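Enquirer: after the sequence you'll find the predicted model.
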Amino acid sequence: MSNKSLFIFEFVSGGGFNEMDIPVSLFCEGFAMLRSIIEDFKEINFNITILLDKRIQPLSYLLKADKINIVSKSTNYLKEFTNAVKYNEYCFIIAPEFSETLYNLTKIVKDNNKTILSVDLSGIKLATYKFKTFEFLKKYDINTPKTYLIPRNKDYFDKNFVIEKFRQLNCPIVIKQEDGVGAESIFYFEREELIYKFFDDLDEKLERDKDYILQEYIEGEDLSVSLLGIHDIPIILSINAQNLDITTHNKKSEYFGGYTPVENFKKYEKELLKIVNKLNLSAFSSYYGIDFVRKKDGKIYVIEINPRLTTSYLGIRNIIDFNPAKLILNSKLRQSQRFDFKYKYFSRFLRLELKYIGVKSIDEILNFIIPKLTALIPEFITPPIIFKGSTSETKQYYSCFIATREKNSNQSEMRLKEIKKILEDYQFEIIQ
């Protein structure tokens, strides 16, 4: 591979929110994935073009892209996206499935006869809608939570249907958007009265023009598997723990990160291979992820398939002795060669929410303190960020994303304590 041209697009930092406030939590993960995948593809001699939201331009020095096209509020980002596709041989897209965003962007690439290095249209179509994924999994007799599309009654979600299914299942349930992403906007119910209360002010929680599913809640260890679709039977790249908060009442569901590899990797790998061998996953090439829960009795329940780069990649690239971008390229081009990679390190990856309690101005923090912290904490993939004009600015709330690279879990925990101490020394209080 010698200086092939590659357009990498990450939706949140690349202009997908150019006409509205950027969600800070999504930005932290998105920018971290963008920065990491650029570095990895750059290492295998790609010339890289990206789009970058103008508000994020101060962080452009962290990105090793050869060409950065700035997207302002008045820019038609889809037009800029299409132009960048036309001028590059290869494309890699990191975008959410909601509103068919990932599918439509990938289709632009295919319509322009360019090579897509992320998951192709067939895989995206299968995995975007959770009820369709449920039917796919049941077809192969895979354990998965019982799932129902919530019908509408006079253009409004049917409360009686939800109550009836809750009683039938006789266990906690969750309600989530059918094409939603990650742990965002998942609503958990363990008592019937909570469902009634939820429906009292539904407009504040659910979007009328979206479809939602009801799903039985499976209690157990929240995990994910990262895969490379290189053959009919994909390669397991890693198995990762996930830090999710879904069940806390009166609190928004959130994803905080995780760690990799899991302690019982070999045991879990054998169990997962039995599942993977049952499924026809030929629609998935490149890197993709599967979320699953392992119950106390050892049963594995597949929750959903993520047809894109996932946050776990930020840890994976720190633990293996091989450039994962080369693995992705190899898998996408359907080359028969298998790479022998080894796990050499342990990585904990997480988003931190910070509150500045010192006396420095925001400009002083961004121009002087953050660069110092970035030098002291190379684990920052996304340094502490605040967006001017957002509600977080008045409260001096900052978000950042960190990924460690240590020999084992204990050393990783020790390093995290050191990082938190450095942040406290610079007058940042850790909120979560």
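Expert: Good, I have the coordinates. The shown structure was predicted, so the numbers you read here are calculated from the model rather than taken from an experiment. Numbers count the residues shown, from 1 in each chain.
Enquirer: tell me the secondary structure at residue 33.
Expert: Per DSSP: H, G, I helix; E, B strand; the rest coil, the secondary structure class of residue 33 is helix.
Enquirer: state the distance from it to residue 45.
Expert: 21 Å (Cβ to Cβ, to the nearest Å). Yep, even glycine has a C-beta here, placed from its N, CA and C like the rest.
Enquirer: who's more crowded, these two?
Expert: Ranked by neighbour count (other Cβ atoms under 10 Å), residue 33 and residue 45 place residue 33 first, with 24 against 10.
Enquirer: so the more buried one makes contact with residue 94?
Expert: Yes. The pair formed by residue 33 and residue 94 meets the contact definition of Cβ atoms under 8 Å, at 5.4 Å.
Enquirer: now for these two: what residues contact both?
Expert: Common contacts of residue 33 and residue 94 (Cβ atoms under 8 Å, 6 or more residues apart in numbering): 10, 309.
Enquirer: and the helices in the stretch 1-150 of the chain, which stretches?
Expert: Assigned by DSSP state H, counting those that start in this stretch, the stretch 1-150 of the chain shows helices spanning 24-42, 77-86, 101-111, 121-128, 130-139.
Enquirer: and those helices: which comes nearest residue 384?
Expert: helix 24-42 (9.5 Å; Cβ to Cβ).
Enquirer: list the contacts for the closest residue in space to residue 41 that isn't next to it in sequence?
Expert: Among residues not flanking residue 41 along the chain, residue 325 sits closest, at 4.6 Å (Cβ to Cβ, 6 or more residues apart in numbering). Shown in contact with residue 325 (Cβ under 8 Å, 6+ apart): 37, 40, 41, 43, 44.
Enquirer: per-residue pLDDT, the nearest residue to the fourth one once chain neighbours are set aside?
Expert: The reference is to residue 43. Closest residue to residue 43 in three dimensions, ignoring its sequence neighbours and counting by Cβ to Cβ, 6+ apart: residue 323, at 5.5 Å. Looking at residue 323, its pLDDT is 92.
Enquirer: repeat that for residue 203.
Expert: Here the pLDDT value assigned to residue 203 is 67.
Enquirer: likewise residue 183?
Expert: The score at residue 183 is 58. That number is its pLDDT.
Enquirer: the one 3 residues further on now?
Expert: Reported pLDDT at residue 186 in the predicted model: 84.
Enquirer: bridge partners for it, pull those for me.
Expert: Judged by DSSP bridges, the bridge partners of residue 186 are residue 176.
Enquirer: all numbers from here: first residue = 792
Expert: Will do, 792 is the new start, and the previous item becomes residue 977.
Enquirer: burial measure for it, as a count.
Expert: Neighbours of residue 977 (other Cβ under 10 Å): 21.
Enquirer: kindly report the same for residue 1075.
Expert: Based on other Cβ under 10 Å, the number of other residues close to residue 1075 is 24.
Enquirer: mind checking the SS state of it?
Expert: coil.
Enquirer: how is this structure divided into domains?
Expert: Per automatic domain parsing, the structural domains of the chain span 795-909, 937-1007, 1012-1033+1045-1123, 1138-1221.
Enquirer: which helix or strand lies directly C-terminal to the worst-scoring helix or strand of the chain on mean pLDDT?
Expert: Between all helices and strands in the chain, the lowest mean by mean pLDDT, DSSP states H and E belongs to helix 1182-1186, at a mean of 64. For helix 1182-1186, the following helix or strand on the C-terminal side (DSSP states H and E) is strand 1188-1194.
Enquirer: okay, buried residues for the helix or strand following that next one please.
Expert: Later in the chain than strand 1188-1194, the nearest helix or strand by DSSP H and E is helix 1200-1216. For helix 1200-1216, burial by neighbour count (16 or more other Cβ atoms under 10 Å) applies to 1203, 1206, 1207, 1210, 1214.
Enquirer: number of nearby residues for residue 1160?
Expert: A total of 17 residues lie near residue 1160 under the criterion other Cβ under 10 Å.
Enquirer: correction: residue 931
Expert: Residue 931, neighbours per other Cβ under 10 Å, totals 14.
Enquirer: where do the strands sit along the stretch 942-1091 of the chain?
Expert: Listed in chain order, the strands of the stretch 942-1091 of the chain (DSSP state E, counting those that start in this stretch) span residues 964-968, 977-980, 1003-1007, 1012-1020, 1026-1036, 1045-1051, 1077-1085, 1091-1097.
Enquirer: among those, which gets the worst mean confidence?
Expert: Among the strands of the stretch 942-1091 of the chain, strand 1045-1051 scores lowest, with a mean of 82.
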